[in-house]
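*Asks:* Predicted coordinates and the sequence they were generated for:
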Amino acid sequence: MSETRMYRISVGRRALSEYLASIAIIFNQGAKTVVIRGNGENIYRAVNLYNILKSRLGDGIRLLNVRIGSERRGFRYVPYIEIEVERVGS
């Protein structure tokens, strides 16, 4: 079965362990890639989430892409980061 759906985890104020559990569930359901997204003040939390994921899974995941930018929200621009990771192996 080929999985082509893009899974996105938007990091907010919840505990990082909840996001880790969500990513584990997504990978266990057969998805190959997940995008971790952080906006504004949550950019550092998205990077921390990736670092924790990498330390726990090691060679089980691979960094595919990192995108940074800003998007307009109302009258201001809000920066964001998107970290795309791929599950390697089974």
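*Replies:* Yep, that arrived. Given the structure is predicted, the values throughout are model-derived calculations rather than measurements.

*Asks:* contacting residues for the closest residue to Gly89 other than its chain neighbours?
*Replies:* The shortest distance from Gly89 to any residue that is not its chain neighbour, by C-beta to C-beta, 6 or more residues apart in numbering, is 6.2 Å, and that residue is Gly60. C-beta here means a position set from N, CA and C on the backbone, and glycine is covered the same way. Gly60 makes contact with Arg87, Val88, Gly89 under the criterion C-beta atoms under 8 Å, 6 or more residues apart in numbering.

*Asks:* and of those residues, the nearest to Ile23?
*Replies:* Out of the contacts of Gly60, the one with the shortest distance to Ile23 is Arg87. That distance is 9.4 Å, counting by C-beta to C-beta.

*Asks:* Need the residues that contact whichever helix in the chain runs longest.
*Replies:* Among all segments of the chain classified by DSSP state H, the helix with the greatest residue count is helix 43-57. When contacts are taken as C-beta under 8 Å, 6+ apart, the neighbours of helix 43-57 outside the stretch itself are 9, 11-12, 16, 19-20, 23, 36-38, 61, 63, 79-81, 83, 85.

*Asks:* ok, then the element right after that helix?
*Replies:* Where DSSP states H and E defines the elements, the next helix or strand beyond helix 43-57 is strand 61-73.

*Asks:* List the buried residues in that next one.
*Replies:* If you call a residue buried by 16 or more other C-beta atoms under 10 Å, then strand 61-73 has these buried ones: Ile61.

*Asks:* quick one: strands adjacent to that strand?
*Replies:* Strand 61-73 has the following strand partners under DSSP bridges: strand 76-87 (antiparallel).

*Asks:* Tell me which residues are up against the strand it pairs with.
*Replies:* Applying C-beta under 8 Å, 6+ apart, the set of residues contacting strand 76-87 from outside is 27, 31-40, 43, 46-47, 50, 53, 60-72.
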